[in-house]
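1. prediction below, plus the sequence it came from.
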Amino acid sequence: MSNPTQLSFVSLQVSNLEASGKFYTEILDFKPVPKTPPDAIVFEQKNGAAFAIRKPMIELTKANLLGWGVAVWFSVGNLDSFLTKNREKISIVKDIHPTPFGRILVIADPDGYAITLQETKED
């Protein structure tokens with residue numbers, strides 16, 4: 001039996017690469033990889049699919065709701081600590097609440113993409 005198809009790469013198209021880059025590096029603590037393609041920022045990953053942000057390949061202003069129906073989840077060691085550090089710098093879509101997958105927090109990135117932060121045990 002062959003292995004199932006694996007997700008290898010996810011990228012969000014953003015209206016302002018510099019502002020979004022600051023959000024993902026300063027708020028979510030992503031680290032850019034040393035070599036990144038033009039018009040994009042690719043971030044380091046411990047495991048799983050690669051993640052990047054990039055300049056738009058489409059006209060974003062023509063879309064009513066960016067990413068509507070797509071859920072992007074990132075793990076965070078401790079949501080309470082994350083909120084203490086970043087509450088004034090983020091836009092909360094849905095506050096910390098329990099789910100079958102553990103506690104989550106939903107925030108908006110600079111373009112309004114809903115980003116779900118799932119609490120995981122820190123290494």
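-> Thanks, I have the structure now.
2. and the helices in this protein, which stretches?
-> Assignment of helices within the chain using DSSP state H yields the ranges 17-22, 79-86.
3. wait, Gly21 sits on Pro32?
-> Yes - counting by C-beta atoms under 8 Å, Gly21 touches Pro32, with 7.5 Å between them. Just so you know, the C-beta spots here come from the backbone N, C-alpha and C atoms, and that holds for glycine as well.
4. now do the shared contacts for the two.
-> Residues touching both Gly21 and Pro32 by C-beta atoms under 8 Å, 6 or more residues apart in numbering: Ile41.
5. settle it for me: which of the two has more neighbours?
-> Gly21 (19 against 16; other C-beta atoms under 10 Å).
6. how near is that one to Arg103?
-> Here Gly21 is placed at a distance of 27 Å from Arg103 (C-beta to C-beta, to the nearest Å).
7. for the top strand by length along the chain, packing partners?
-> Ordering each strand of the chain by length in residues (DSSP state E) puts strand 91-99 first. Strand 91-99 is packed against helix 79-86, strand 102-108, with contacts defined by 3 or more C-beta pairs under 8 Å, 6 or more residues apart in numbering; DSSP states H and E.
8. what's the closest of these to Ala40?
-> strand 102-108 (20.9 Å; C-beta to C-beta).
9. who touches that closest one?
-> By C-beta under 8 Å, 6+ apart, strand 102-108 touches 73, 76, 79, 82-83, 90-97, 114-120.
10. how near is the nearest residue to Ala50 once chain neighbours are set aside to Gly67?
-> Nearest non-adjacent residue to Ala50, counting by C-beta to C-beta, 6 or more residues apart in numbering: Phe9, 4.8 Å away. Distance, Phe9 to Gly67, using C-beta to C-beta: 16 Å.
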